[in-house]
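> Here is my input, please return the structure:
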Amino acid sequence: MANGYKVLVCDHIDERGVKILRDAGLEVDYRPKITPEEVVSAVEGFDAVIVRSRTKVKADVIQRAAKLKVIGRAGVGLDNIDVDAAKQRGIAVYNSPESLTNAVAELALGLMIAAARGVGTGYCNLKNGVWVKESLMGTELSGKTVGIVGFGRIGRRLAELLKPFNVKVLAYDILPPDETVLDALSAKLVGLDELLVASDFISLHLPGGPSMRGFIGADRLSKMKKTSFIVNTSRGEVLDENALVNALKSGSIRGAALDVFAMEPPTNKELLSLDNIVFTPHIGGQTLEAQASAATIIAQKIVDHLSKSA
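Numbering: from 1, shown residues only. As a prediction, the model looks like this:
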């Protein structure tokens, strides 16, 4: 048990995660609407902090948290946590990337189909009383080549979901997966340029951060087929939005679908005005199942860590 330790929960998490913390004997201060200024002033005296993506745990917060032993991020990525500052203080940092795998992969698949069939354009026009059936000639996913850039948990799950569509899966990753994994998923490991040139659909599943900014830019977009689609459900910064606008307007690619943006909410008005693109507001992990899993997984990791510290 981890009796006596105090946990500050700064963002909304599923109540099942909070229950795990309390059942383990932790004192939980659940403040899902806490402001950045309040986090800095409140964090002192807590042994653990749990956040999602809204709250930032940067150096100023970590410096004030004299008793802090562990930081938990309910979800994928650690962009909003200063991992280096935490490491210098000997503070452990955990996240729960496994919790959102299926939800994000399902959305990526759905966005491929939505982009290929002009779902966004059809929906918006019909809402405004305009029938655009004749101009919405789509293409099918079945039988095409799908390139998955980033073949980690989500990329591999997407490959599983694609099996009934009879597609050819090309995979690219900086850390090549084992051949047995590729064989099980009927995927072929290729170089990035080969993937870009050969794929009808490209799905990005890449980590964020400064080193990945503009990873897919004008040069790489120019290698894609004119009939191809690109989908991004990973991090907004990995895809150069201005280069994407130019590619979509010039017809050098056919369409795109984005769940993530360089700035959220997005401010690129030219991007938002295009017809050959589908948007969702960063909902990759926004399913009841994924959020419950994210909360319970990170709560258990916090309990386990504090139990060892007791």
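> mind listing what's buried in stretch 128-143?
Within stretch 128-143, the residues that count as buried by 16 or more other Cβ atoms under 10 Å are Thr139, Leu141. Where C-beta positions appear, they are placed from N, C-alpha and C, glycine not excepted.
> quick one: contacts for Leu274?
With Cβ atoms under 8 Å, 6 or more residues apart in numbering as the criterion, the residues that contact Leu274 are Val245, Leu248, Lys249.
> shouldn't the first one be in contact with Asn268?
Yes. Contact status for Val245 versus Asn268: in contact at 7.3 Å, counting by Cβ atoms under 8 Å.
> out of the two, which sits in the busier spot?
Val245 (18 against 15; other Cβ atoms under 10 Å).
> Relative to Leu274, how far out is the more buried one?
Separation of Val245 from Leu274 (Cβ to Cβ, to the nearest Å) stands at 7 Å.
> can you put the contacts of Leu274 in JSON lines and add distance to Val149, pLDDT and secondary structure?
Below are the contacts of Leu274 laid out as JSON lines (distance: Cβ to Cβ, whole Å; pLDDT from 0 to 100; DSSP: H, G, I helix; E, B strand; the rest coil):
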{"residue": "Val245", "distance to Val149": "20", "pLDDT": "98", "secondary structure": "helix"}
{"residue": "Leu248", "distance to Val149": "18", "pLDDT": "98", "secondary structure": "helix"}
{"residue": "Lys249", "distance to Val149": "23", "pLDDT": "98", "secondary structure": "helix"}
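> Closest to Phe151 out of the residues you listed?
Closest approach between those and Phe151, by Cβ to Cβ: Leu248, at 25.8 Å.
> right, and Ala108 touches Leu158 too?
Yes. With contact defined as Cβ under 8 Å, Ala108 reaches Leu158; the gap is 5.4 Å.
> Next, show the common contact partners of the two.
Common neighbours of Ala108 and Leu158 (criterion: Cβ under 8 Å, 6+ apart): Ser203, His205.
> hang on, the earlier thing: ok, the contacts of Leu274 vs Val231, which is closest?
Leu248 (13.2 Å).
> which residues of the stretch 1-150 of the chain score low on pLDDT?
Counting by pLDDT under 70, the stretch 1-150 of the chain contains low-confidence residues at 1-2.
> same thing but at 80, please
1-3 (pLDDT under 80).
> For Lys223, list the residues it contacts.
Lys223 neighbours (Cβ under 8 Å, 6+ apart): Asp193, Leu196, Val197.
> dump the residue contacts of Ala294.
Here Ala294 is in contact with Ile13, Asp14, Gly17, Arg52, Ala74, Gly75, Ser96, Ser99, Leu100, Gly285 (criterion: Cβ under 8 Å, 6+ apart).
> my bad, Pro36
Residues in contact with Pro36 (Cβ under 8 Å, 6+ apart) are Thr55, Lys56.
> Ok, Gln63 next?
Contact analysis of Gln63 by Cβ under 8 Å, 6+ apart lists Ala85.
> The spatially most central residue of the chain: helix or strand, and which one exactly?
In the chain, the C-alpha closest to the average C-alpha coordinate belongs to Ser234, at a distance of 4.0 Å (Cα atoms, centre = their mean). Following DSSP states H and E, there is no helix or strand that holds Ser234.
> Does it touch Leu206 like I think?
Yes. Between Ser234 and Leu206 there is a contact at 4.8 Å, judged by Cβ under 8 Å.
> Can you work out which residues contact both of the two?
Gly150.
> And the helices in this protein?
Assigned by DSSP state H, the helices in the chain fall at 15-23, 36-42, 59-64, 83-88, 101-116, 119-127, 153-162, 179-184, 192-198, 218-221, 241-250, 269-272, 288-309.
> Format those as JSON lines; extra columns: distance to Thr139.
Below are the helices of the chain laid out as JSON lines (distance: least, Cβ to Cβ, whole Å):
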{"stretch": "helix 15-23", "distance to Thr139": "42"}
{"stretch": "helix 36-42", "distance to Thr139": "45"}
{"stretch": "helix 59-64", "distance to Thr139": "48"}
{"stretch": "helix 83-88", "distance to Thr139": "42"}
{"stretch": "helix 101-116", "distance to Thr139": "5"}
{"stretch": "helix 119-127", "distance to Thr139": "13"}
{"stretch": "helix 153-162", "distance to Thr139": "16"}
{"stretch": "helix 179-184", "distance to Thr139": "27"}
{"stretch": "helix 192-198", "distance to Thr139": "16"}
{"stretch": "helix 218-221", "distance to Thr139": "19"}
{"stretch": "helix 241-250", "distance to Thr139": "16"}
{"stretch": "helix 269-272", "distance to Thr139": "22"}
{"stretch": "helix 288-309", "distance to Thr139": "29"}
